[in-house]
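Enquirer: sequence first, predicted model second:
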Number of protein chains: 2
Amino acid sequence: MFTPIKNKKVYQHVIEQIQQMVMDGTLKKGDQLPAERELAETLGVSRTSVREALRALEIIGTIESRQGEGNFISTSMERSLFEPLSVMFKLNHGSSQDILELRIIIETEAVKLAARRIEKEDMVILEQLIQALADAKNENESVIIDKEIHYKIAEITGNYLILSVLNAISTLMESFIKEARVRIINWQKERNLLLQQHQEICAAIIAKDPERAAKAMHGHFQTVIESMENLDPELE
Amino acid sequence: MFTPIKNKKVYQHVIEQIQQMVMDGTLKKGDQLPAERELAETLGVSRTSVREALRALEIIGTIESRQGEGNFISTSMERSLFEPLSVMFKLNHGSSQDILELRIIIETEAVKLAARRIEKEDMVILEQLIQALADAKNENESVIIDKEIHYKIAEITGNYLILSVLNAISTLMESFIKEARVRIINWQKERNLLLQQHQEICAAIIAKDPERAAKAMHGHFQTVIESMENLDPELE
């Protein structure tokens, strides 16, 4: 199962072994890891190294540490507090243009998959989200629901990787949506356009019409692009 | 700069503060972090907690620890040994179909951006990669060069986020390419088709012809899809 380790950066090897065991299917969601002491003995490393490795895996969201129970492979990875992609993006001076391009690429296609694959229960949820967007009491609420709609669509595709990519840039998505909404509302002098666009996107998905859905999403992004072009460059 | 911490999972807060400082631009690539002792004092936490947090950030690839010098925000994040997206994907029983869908979505559009934005020096590199693919002595070499071509195209888009997404699923991409190549070669009884397809993709990018490039990439993925359909389901 585990191979003893003879090397320098010890905690890295512990992590690599656990990661490898996930990749080859030996460890599955919810599986309990051996106790720290046992891991240290099997791998021939110090308990400190094992503890460092486990901490890092917990931060990344691969494992969950449960008080008095031990360490388990996470059942839900969405809780990871770390977003390596968002951090890398900031450090590399990524621009809003980059985020917009990736969103257009992924979401215009995702909406087609969602329209093909949506089932009854998700239709209800989309309708609830649209109602919530219409009822939102302020812009802070609207941003959260707006984002939720886009993530729900990614989830409806049934493609875990598409959802994961959006999850990995969650912080970037949120600030992007927030800024785009403010620009569009200031420019259009109303927030009704944004509501209508999200209504049309969701209606098309619920109608299981991929082309209509893609057209609606395209129209939505067109508004985002125009709001960016409309922006006084002095203000940036 | 740093805010003192009063809470339970101490190392997580240390990480959150450092992550936040990257996101708001306070910390930049190559910046040195305060010494462990100083961080511990400013944040009002133990040195152990600080050390745990720094280790985790090193593992994730956000910081580099240089012997005798201290901790620095990484200048190149590509070295991160951790791929959260690949690990999550495996744990959630993602399928080859998921990878294929994401690749088609991203790469068919990326190739258009690359064709619009390519500059002289990258034309030379693409030509070298194609020559290397033609000269590859065995399939192991071919897989590596095949993957490099796809990543080079992502890099030529100039969109850091597109490249980051592919980097985040590097292990998945590699095994996907490897398996697809084997299937296509066994089915077509030759590897010339794959070489020709990559030649045409690169030629279209170098000719700065986005539509031709997208058509070539689409044709390439069509072959991948057909090879999957062609597969005897008993063998899966």
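Expert: Structure received.
Enquirer: any regions of chain A where pLDDT drops low?
Expert: Within chain A, the stretches with pLDDT under 70 are A:1-8, A:76-82, A:84, A:230-236.
Enquirer: what's the domain layout of it?
Expert: A:10-79, A:84-235 (automatic domain parsing).
Enquirer: now those domains in JSON lines, with mean neighbour count and distance to B:M228?
Expert: All C-beta spots, glycine's among them, are computed from the backbone N, C-alpha and C. Converted to JSON lines, these look like this (neighbours: other C-beta atoms under 10 Å in any protein chain shown; distance: least, C-beta to C-beta, whole Å):
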{"stretch": "domain A:10-79", "mean neighbour count": "17", "distance to B:M228": "21"}
{"stretch": "domain A:84-235", "mean neighbour count": "18", "distance to B:M228": "15"}
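Enquirer: need those domains in a markdown table (columns: distance to chain B).
Expert: Listed next are the domains of chain A as a markdown table, based on distance: least, C-beta to the nearest C-beta, whole Å:
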| stretch | distance to chain B |
| --- | --- |
| domain A:10-79 | 4 |
| domain A:84-235 | 4 |
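Enquirer: any chance of those in a markdown table, plus distance to B:I149?
Expert: As requested, these are arranged in a markdown table below (distance: least, C-beta to C-beta, whole Å):
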| stretch | distance to B:I149 |
| --- | --- |
| domain A:10-79 | 24 |
| domain A:84-235 | 19 |
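Enquirer: OK, contacts around the nearest residue to A:E69 once chain neighbours are set aside?
Expert: Counting by C-beta to C-beta, 6 or more residues apart in numbering or on different chains, the nearest residue to A:E69 once its immediate chain neighbours are dropped is A:Q32, at 7.9 Å. Residues counted as contacts of A:Q32 (C-beta atoms under 8 Å, 6 or more residues apart in numbering or on different chains) are A:69-72.
Enquirer: mind listing the strands for chain A?
Expert: Assigned strands in chain A, in chain order: A:63-66, A:70-73 (criterion: DSSP state E).
Enquirer: just put these in a markdown table and tack on distance to B:Q188.
Expert: Listed next are those as a markdown table, based on distance: least, C-beta to C-beta, whole Å:
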| stretch | distance to B:Q188 |
| --- | --- |
| strand A:63-66 | 43 |
| strand A:70-73 | 40 |
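Enquirer: quick one: the residue lying closest to A:R55 once chain neighbours are set aside from B:V45, how far?
Expert: Distance criterion C-beta to C-beta, 6+ apart; nearest residue to A:R55, sequence neighbours excluded, is B:E52 at 5.0 Å. Remark: distance between B:E52 and B:V45 (C-beta to C-beta, to the nearest Å) = 10 Å.
Enquirer: pull up the overlap in contacts between these two.
Expert: B:V14.
Enquirer: could you find the closest non-adjacent residue to A:A207?
Expert: Counting by C-beta to C-beta, 6+ apart, the nearest residue to A:A207 once its immediate chain neighbours are dropped is A:A115, at 7.6 Å.
Enquirer: contacts only, for the one you found.
Expert: Shown here is A:A115, whose contacts under the criterion C-beta under 8 Å, 6+ apart are A:204-205, A:207-210, A:212-213.
Enquirer: re earlier: on the strand side of things, show who the residue nearest to A:E69 bridges to.
Expert: Residues found in beta-bridge contact with A:Q32 (criterion: DSSP bridges) are A:F72.
Enquirer: from A:I15, how far out is it?
Expert: Taken as C-beta to C-beta, the spacing of A:Q32 relative to A:I15 amounts to 18 Å.
Enquirer: A:H93 too?
Expert: 29 Å.
Enquirer: ok, A:L85 next?
Expert: Taking C-beta to C-beta as the measure, A:L85 and A:I15 are separated by 19 Å.
Enquirer: got it, and A:A204?
Expert: Noted for A:A204: a distance of 44 Å to A:I15, by C-beta to C-beta.
Enquirer: could you do A:V111 as well?
Expert: A:V111 sits at a distance of 37 Å from A:I15 (criterion: C-beta to C-beta).
Enquirer: kindly report the same for A:L91.
Expert: The span separating A:L91 from A:I15 equals 22 Å under the rule C-beta to C-beta.
Enquirer: ok, now A:Y160?
Expert: According to C-beta to C-beta, A:Y160 and A:I15 sit 23 Å apart.
Enquirer: then A:I184?
Expert: Separation of A:I184 from A:I15 (C-beta to C-beta) stands at 44 Å.
Enquirer: and the helices in chain A, which stretches?
Expert: According to DSSP state H, chain A carries its helices in the segments A:10-23, A:36-43, A:47-60, A:84-91, A:96-117, A:120-135, A:139-156, A:160-168, A:170-188, A:192-206, A:210-230.
Enquirer: I appreciate the help and will end here.
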